[in-house]
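K.L.:
okay, sequence plus prediction incoming.
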Amino acid sequence: MKKNIILIGFMGVGKGTTARAYAEKYNCFNIDTDDLIESKANMKVKTIFEKEGEKYFRSLEQACANWIESSVDNTLISCGGGFFNVKNLKELGTVVLLDASYEWIFNRLSTAKNSKAKLKKRPLFSEPKKAKKLYKERAKIYKKIADVIIDVEKQDMKSIIHEIHKKAYI
Ligand code: S3P
């Protein structure tokens, strides 16, 4: 079994921020599936969606999962919100869900300093109604697939990363 931590959850729940805080505190490396895909395709996620379509983006997520399975260990991996759909997710490491209500996530994104940029780079968050529908469709699946569930709504970052370390440390 690989010793990666696979951080999943809905767009805007704070996977990237959490991963960076964890990596700093617990002295490990952190990679992000959207960053890996952007560097391989030499395009932003938003542009991949616009030019090549969502299906192609999902195929890049699968290629990324295959690379992680063959080549990555002892690493914290923050994943795009739809990455949980890859066929080999459970082979990649301990799957940790950052969980929060849609309202909390929407509030986090819309009150962020760089709120506009955060929403603009996420094609599936361009229409809040559609995003909420997607949240509802995915909420149960995220919980079912996760090995560890962390409720991020009522905790500060220090306690979130402590809980991850306790339950799924690298
Ligand atoms: C997506 C989430 C995004 C990104 C892409 C698709 C999704 O990542 O991978 O826009 O399907 O939920 P974040 O969860 O980091 O926003």
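P.N.:
On my side now, so go ahead.

K.L.:
tell me the contacts of the nearest residue to M1 once chain neighbours are set aside?
P.N.:
Spatial nearest neighbour of M1, excluding adjacent residues (Cβ to Cβ, 6 or more residues apart in numbering): G93 at 7.8 Å. Heads up, the C-betas are built off the backbone N, CA and C, glycines and all. Going by Cβ atoms under 8 Å, 6 or more residues apart in numbering, G93 touches 1-6, 77.

K.L.:
then F106?
P.N.:
With Cβ under 8 Å, 6+ apart, F106 has these contacts: 12, 128, 131-132.

K.L.:
can you tell me which of the residues you listed are in helices?
P.N.:
Among the contacts of F106, the members found in helices (DSSP state H) are 128, 131-132.

K.L.:
which of these has the weakest pLDDT?
P.N.:
Among the ones in helices among the contacts of F106, P128 carries the weakest pLDDT, at 89.

K.L.:
in TSV: the contacts of F106, plus distance to the ligand and neighbour count.
P.N.:
Shown next, in TSV, are the contacts of F106 (distance: Cβ to the nearest ligand atom, whole Å; neighbours: other Cβ atoms under 10 Å):
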residue	distance to the ligand	neighbour count
G12	6	24
P128	14	13
A131	9	22
K132	13	14
